[in-house]
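Participant: A structural model of the following input is requested.
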Amino acid sequence: PFVLAHEKAHQFGIASEAEANLAAYVVCSGSDDRRLRYSSSIHLLLYFLRDAVGTPAYHDYISKIDGRVLTDLRRRSQYYDRMSNKSLGMVQRKANDMYLKSNHIKKGIINYSQVVELVILWHTDRGL
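Facilitator: Numbering: from 1, shown residues only. Reported below is the predicted structural model:
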């Protein structure tokens, strides 16, 4: 659901990947359907953890995640690992990075994970 909402945000004219992720987060996290809320939370968690890799607190963050969520993350990772081709993946990432930069998204693929900051600001702005 999160990815579909992200792509729908692009269709509505949101070019920035971070802003499309924020729109997806807002839509899915505000849903009455717990599966949509979970989808938004798990995607935001993935972006947060990706940013936190290599920080001293990374393992502390991991230790605080519910075991069922960690199981979902492992299964997701295993699924994509079976489907991926590392060489092709590197080429695709580079092509996407160049595409985004050529479309005035200065940070390129880094822009995706800037959603963490946007969500924090969105919650802060609402006093949450």
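Participant: Okay, helices next: where are they in the chain?
Facilitator: Using DSSP state H, the helices of the chain run over 2-11, 17-29, 34-52, 58-63, 67-83, 86-102, 115-125.
Participant: who are the neighbours in contact with residue 27?
Facilitator: Neighbouring residues of residue 27 by CB atoms under 8 Å, 6 or more residues apart in numbering: 5, 36, 40. Bear in mind the C-beta positions are built from the backbone N, C-alpha and C, glycine included.
Participant: With pLDDT as added columns, please give the residues you listed in JSON lines.
Facilitator: Listed next are the contacts of residue 27 as JSON lines, based on pLDDT from 0 to 100:
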{"residue": "5", "pLDDT": "97"}
{"residue": "36", "pLDDT": "97"}
{"residue": "40", "pLDDT": "96"}
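Participant: What is the nearest of those residues to residue 94?
Facilitator: residue 5 (26.3 Å; CB to CB).
Participant: sorry, back to before: TSV for the contacts of residue 27, including distance to residue 60?
Facilitator: Compiled in TSV, these are given as follows (distance: CB to CB, whole Å):
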residue	distance to residue 60
5	30
36	29
40	23
